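> Task: produce atomic coordinates for the following.
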Amino acid sequence: MGTVDVPEATVARLPQYLRALAALADAGLRTVSSEALAEAVGVGSAKLRKDLSHLGSYGTRGVGYDVAGLHRQIADRLGQTTPWNVVIVGIGNLGHALAGYGGFASRGFRVVGLFDDGTQVVGEVVNGLRVRPLADLGAVVRPGEPTIGVLAVPVEHAQGVCDRLVAAGVTSVLNFAPTVLRVPADVDVRKVDLASELQILAFHAQRRAVRSSVPAPTATVGERIGEVV
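Numbers count the residues shown, from 1 in each chain. You can find the predicted model right below:
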C-alpha cells in the first residue's frame, strides 16, 4: 500500500510514532491511549488521531491502540518491511559519521556502499566497508533493488553526483548539500540543510529574547482606580 494519499506533514511524523511505539513495546505495553502516545511523541492527541486515521487506524474506544499492530502498520507504510540498501557518496567528516551510525540497520536500512573520488579517501575502510571510486557505483546499485543514495558532498559537486546516482538506477536521494537538485519526476529527493535549521532555531531564540526584554504594559490611571474600587 502506498503513501500517496497521506499528507506530507503526516508522513514526516510517522517515524516519530514508530519510534515511540517501539519503546512502548520494549516496556511490555500491549495497548496505548492516543493521549499517552501523543505525549510520548510531543504532539496533540487530536493531531495524532487525525494522522493515524489516514492509515485507516482508529483505535478502540476505552482501550486505545494495539501497540504491536500499529507499529506493524506504520512500519509497512514507511517501507520498513522491505530491506533498503543505502549508498553514501562523499566520505568526509559527515560521510564518516553517517557510515558509522548504528541506527540504520535496526530500521531496515543497510549501508552497502561508500563512494568518493578523493584519492586520499578511496581504499579507506569505514565501519567494515571499503570506500570505492564513484565509477564503481554501477557495480553496487543493482536494477530492481530498492536503493537510497545519500549525498554528503560539497555543493558544487551535488548535481553531478546526483545525476550519476539517477543514471545508476537510484530513485530516492537524501541530500545534505545546501542546493536544490534537478531530478526526473520519478525520483524523490529529501533535503537536510543543517545551517537552515540552526538559523530557524536562532530566529526563535532571538524572538524569545526580544519578548522577555519588553516591559509589561503599565496600567492606566483609570484601570488602577478600578482595581482599588
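> Okay, now the unreliable bits of the chain?
1-4, 214-229 (pLDDT under 70).
> can you do 80?
Where the chain drops to pLDDT under 80, the residues are 1-5, 58, 80-81, 143-144, 213-229.
> gap between stretch 104-124 and the chain center?
19 Å (C-alpha atoms, centre = their mean, to the nearest Å).
> same deal with stretch 192-203?
Centre to centre, stretch against its chain (C-alpha atoms, centre = their mean), the figure for stretch 192-203 is 15 Å.
> Same question for stretch 12-22.
On the basis of C-alpha atoms, centre = their mean, stretch 12-22 sits 10 Å off its chain's mean C-alpha point.
> And for stretch 150-170?
Worked out by C-alpha atoms, centre = their mean, stretch 150-170 lies 19 Å from the chain centre.
> Tell me which stretches of this structure form strands.
Taking DSSP state E to define them, one finds strands in the chain at 31-32, 65-66, 84-89, 109-115, 125-126, 129-132, 147-151, 172-175, 188-191.
> which other helices and strands contact the longest one?
In this structure, strand 109-115 makes packing contacts with strand 84-89, helix 93-99, strand 129-132, helix 137-140, judged by 3 or more C-beta pairs under 8 Å, 6 or more residues apart in numbering; DSSP states H and E. The way it works is simple: take the backbone N, C-alpha and C, and place the C-beta from them, glycine included.
> Adding mean neighbour count, write the ones you listed out as TSV.
Conversion of the helices and strands packed on strand 109-115 to TSV gives the following (neighbours: other C-beta atoms under 10 Å):
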stretch	mean neighbour count
strand 84-89	22
helix 93-99	17
strand 129-132	17
helix 137-140	15
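> follow-up on the earlier one: among the strands of the chain, which is the most enclosed?
Among the strands of the chain, ranked by average contacts under mean count of other C-beta atoms under 10 Å, first place goes to strand 147-151 (a mean of 25).
> Switch the strands of the chain over to TSV; also include distance to residue 209.
Listed next are those as TSV, based on distance: least, C-beta to C-beta, whole Å:
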stretch	distance to residue 209
strand 31-32	38
strand 65-66	40
strand 84-89	38
strand 109-115	39
strand 125-126	41
strand 129-132	44
strand 147-151	35
strand 172-175	33
strand 188-191	29
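> To residue 48, which of the ones you listed lies closest?
With C-beta to C-beta as the criterion, residue 48 lies closest to strand 65-66 of the strands of the chain, at 9.5 Å.
> Strand partners (parallel or antiparallel) of the closest one?
strand 31-32 (antiparallel) (DSSP bridges).
> For the protein, just list every one of the helices.
For the chain, the helices defined by DSSP state H occupy 8-26, 34-41, 45-53, 67-77, 93-99, 137-140, 155-168, 194-213, 221-228.
> now the fourth one: how far from the chain's centre is it?
Yep, that's helix 67-77 we're talking about. 17 Å.
> same question, the shortest one
Relative to the mean C-alpha coordinate of its chain, helix 137-140 is positioned 26 Å out (C-alpha atoms, centre = their mean).
> Relative to residue 51, how far out is residue 61?
Per C-beta to C-beta, to the nearest Å, residue 61 is found 18 Å from residue 51.
> Those two - which one has more neighbours?
For residue 61 versus residue 51, neighbours defined as other C-beta atoms under 10 Å are more numerous around residue 51 (24 against 6).
> Let me know whether the more buried one touches residue 11 as I believe.
No: with contact defined as C-beta atoms under 8 Å, residue 51 does not count as touching residue 11 (9.1 Å).
> And this protein, what are its domain boundaries?
With domains defined by automatic domain parsing, the chain comprises 8-77, 84-192, 197-229.
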